[in-house]
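> need coordinates for the following:
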Amino acid sequence: DMFKSFYREQYARLKKSAGPDLKQYEKKDPSSGETNMATSGLKAEGGHRPLPRPKGLKMPKDFRKDVGRISQKDLVEKYSCQGDRMLIS
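Predicted structure coming up:
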């Protein structure tokens, strides 16, 4: 039990200090010399927006269908860059 409490304290201490270093984004106020993250220009807004589908894109009717396991031969014959369908992982 003594060992558990020791490691819990250590992990709690590490968890508090863990985080990204944002010093590179800080800007100093020229008049006061203070740094302020609110005025630094770093924003996390508008992320993860879907992109519009490109024009002229021809999708196979079964493009969402699971292809399952593919042999090496089928991969070369059916899904190469010359085929109608390309695979993206």
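> average pLDDT for stretch 9-20?
Average pLDDT, stretch 9-20: 79.
> how would you label the residue nearest the centre of the chain: helix, strand or coil?
Central residue check for the chain by CA atoms, centre = their mean: the C-alpha nearest the mean position is that of residue 48, 9.3 Å away. Reducing the assignment to helix, strand or coil with DSSP: H, G, I helix; E, B strand; the rest coil, the entry for residue 48 is coil.
> worst-scoring helix or strand of the protein, pLDDT-wise?
strand 35-36 (a mean of 62; mean pLDDT, DSSP states H and E).
> quick one: name whatever helix or strand follows that one.
On the C-terminal side of strand 35-36, the nearest following helix or strand under DSSP states H and E is helix 72-78.
> what does that next one contact?
The set of residues that contact helix 72-78 without belonging to it, under CB atoms under 8 Å, 6 or more residues apart in numbering, is 70, 83, 85. Heads up, the C-betas are built off the backbone N, CA and C, glycines and all.
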